[in-house]
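# Predicted coordinates and the sequence they were generated for:
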Amino acid sequence: MKWPLRGVCLLFAGALTISVPALAETYTKGYLNRPDVNAFIKELVEEEQFTRKELEAILGQAKKSDRALALINRPAEGTMEWKDYRKIFMTPERVQKGVKFWQGNADILANVEKEYGIPAQVIIAIIGVETYYGRQTGGFKVLDTLTTLGFDFPRRSKFFQKELKNLLILAREQKLDATELTGSYAGAMGIPQFMPSSYRAYAVDYTADQQANIWNTEADAIASVANYLSRHGWKKDQLVAEQARVTGAQYEAALSDGLKPDKRLNQVVKSGWKPVNEIPGSSKVLAMKLQGQDGPEYWLGMNNFYVITRYNRSRMYALAVHQLAKAVMSDYKKTIPEEKQTPPVTQKI
């Protein structure tokens, strides 16, 4: 897999060393006593050219995280309605901190938007929803969570073992200490909350310092989010979502399943849907009904709405990102003279 680094590729075929705290045999057995873990080690030795000694030195330090198991079995979003979910992210404080994030990274955001075609406000909103602009990146050791979920959470063990494998490979590629990397209870890392596989596929070394540092470097995080959205099919200058009104008895027939736009606009219009603002007639849309604070809300999501759900597979997540992006953009525009507003400020979403 080619790693999209700005000006330098770090996938050296011969780079087989990995940064670990001295490969001295000071680790405890723990997970190393388990046959499934030893089969995992054997596979990495055979397929990825690790040595058994270095893998045992790392995995021997993994500790079972009961808290990660508890949290992954009760994700909050599954029990929430839109009216409650929205309150978490659409706060005056989060909007204002988004404005400050924009002000502190204005040049980088403008350059990244020009290069990748992703509106600055959307990048900011994703970072704002994911980690409160880098303030809440998670305090779990990723090695612990991925090992725990990979070997003690059977329902998704295959997925988390794949992510653990990618964690070990990216630590080798980036010369990072796999035992010290931190993230969420599910193993998402850094300012943009990339899983290890997403990091290897989409992380960008925008500062050209030979490391895509999504933990501490805002420029790398910003470019990495933009690259992710671009690679998943974001279409420049196209809308994300528009609210709609419904009439008649047939509107529910147009409601969509899933996350991807599946109907032409004229189909849903015939069923009683009317966008509050104009949508291009050729658009494919995702017709949604969500429970708002004052009753049902009706929304039409377009291609770029679907792209946001590729970051997190949730309609409410994508709508929160969209609304936060618009709010941040509106307040940011008030801080600069109109004649100095650049395309990232005025691009419609």
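Received the coordinates, thanks.

# Please make it C-alpha for all contacts and neighbour counts, starting now.
Noted.

# Now name the helix or strand holding residue 243.
Applying DSSP states H and E as the criterion places residue 243 in strand 241-246.

# ok, now how distant is residue 230 from residue 110?
Note on residue 230: its distance to residue 110, by C-alpha to C-alpha, to the nearest Å, is 15 Å.

# on that earlier part again, next helix or strand past the strand holding residue 243?
Criterion used, DSSP H and E; the element after strand 241-246 is strand 263-264.

# Give the pairing partners of that next one; include direction for each.
strand 284-292 (antiparallel) (DSSP bridges).

# So the residue most central in space within the chain versus residue 207, what's the distance?
The chain has residue 311 as the residue nearest its centroid, 4.3 Å off, counting by C-alpha atoms, centre = their mean. Residue 311 is 23 Å from residue 207, where distance means C-alpha to C-alpha.

# Is residue 50 in contact with residue 44, as I believe?
Yes. Using C-alpha atoms under 8 Å, residue 50 is in contact with residue 44, at 6.2 Å.

# On the three-state scheme, residue 274 is what?
Of the three states, residue 274 takes strand under DSSP: H, G, I helix; E, B strand; the rest coil.

# looking at it, it is touching residue 245, isn't it?
Yes. Residue 274 sits in contact with residue 245 when judged by C-alpha under 8 Å, with a separation of 5.2 Å.

# Give me the more crowded residue out of the two.
residue 274 (22 against 13; other C-alpha atoms under 10 Å).

# how about the more buried one, what does it touch?
244, 245, 246 (C-alpha atoms under 8 Å, 6 or more residues apart in numbering).

# ok, the residues you listed vs residue 348, which is closest?
residue 244 (17.5 Å; C-alpha to C-alpha).

# Give the rounded mean pLDDT of stretch 130-142.
The predicted model assigns stretch 130-142 a mean pLDDT of 98.

# can you pull the pLDDT of the residue nearest to the centre of the chain?
pLDDT, read off for residue 311, is 98.

# What are the buried residues along the helix or strand where residue 107 lies?
Using DSSP H and E, residue 107 sits in helix 106-116. Residues 108, 109, 110, 112, 113, 116 are the ones in helix 106-116 that count as buried (16 or more other C-alpha atoms under 10 Å).

# With pLDDT and distance to residue 196 as extra columns, can I get the contacts of residue 274 in TSV?
Listed next are the contacts of residue 274 as TSV, based on pLDDT from 0 to 100; distance: C-alpha to C-alpha, whole Å:
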residue	pLDDT	distance to residue 196
244	98	38
245	98	41
246	98	42
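
# Next one: residue 213 relative to residue 246, how far apart?
Residue 213 is 46 Å from residue 246, by C-alpha to C-alpha.

# Ignore what I typed, I meant residue 43.
Counting by C-alpha to C-alpha - residue 43 and residue 246 are separated by 55 Å.

# Who has more neighbours out of those two?
residue 246 (18 against 14).

# Hmm, the more buried one is touching residue 273, no?
Yes. Between residue 246 and residue 273 there is a contact under C-alpha under 8 Å: 4.6 Å.

# Tell me which stretches of the stretch 51-200 of the chain form strands.
140-141, 182-183 (DSSP state E, counting those that start in this stretch).

# Give the other helices and strands that the last one contacts.
What it means is strand 182-183. strand 140-141 (3 or more C-alpha pairs under 8 Å, 6 or more residues apart in numbering; DSSP states H and E).

# Now residue 239: closest residue in space that isn't a chain neighbour?
residue 349 (4.5 Å; C-alpha to C-alpha, 6 or more residues apart in numbering).

# for the one you found, what are its contacts?
For residue 349, the contacting residues are 119, 237, 238, 239, 240, 241, 322, 326, by C-alpha under 8 Å, 6+ apart.

# How far does stretch 115-131 sit from its chain's centre?
In terms of C-alpha atoms, centre = their mean, to the nearest Å, the centre of stretch 115-131 is set 10 Å apart from its chain centre.

# And stretch 211-225, what's buried?
211-215, 217-225.

# quick one: contacts for residue 56?
Contacts of residue 56 by C-alpha under 8 Å, 6+ apart are 32, 41.

# any idea how far residue 289 lies from residue 236?
26 Å.

# ah, wrong one, I meant residue 215
Residue 215 is 28 Å from residue 236, by C-alpha to C-alpha.

# Repeat that for residue 113.
Distance from residue 113 to residue 236, by C-alpha to C-alpha: 10 Å.

# hang on, the earlier thing: could you list every helix and strand in contact with the strand holding residue 243?
strand 273-275, strand 295-301.

# what about 10 Å?
Where contact means 3 or more C-alpha pairs under 10 Å, 6 or more residues apart in numbering; DSSP states H and E, strand 241-246 is packed against helix 265-270, strand 273-275, strand 284-292, strand 295-301, helix 303-311, helix 315-333.

# Any chance of CSV for the buried residues of helix 106-116, columns distance to residue 94 and pLDDT?
Converted to CSV, the buried residues of helix 106-116 look like this (distance: C-alpha to C-alpha, whole Å; pLDDT from 0 to 100):
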residue, distance to residue 94, pLDDT
108, 21, 98
109, 18, 98
110, 21, 96
112, 22, 98
113, 22, 97
116, 25, 98
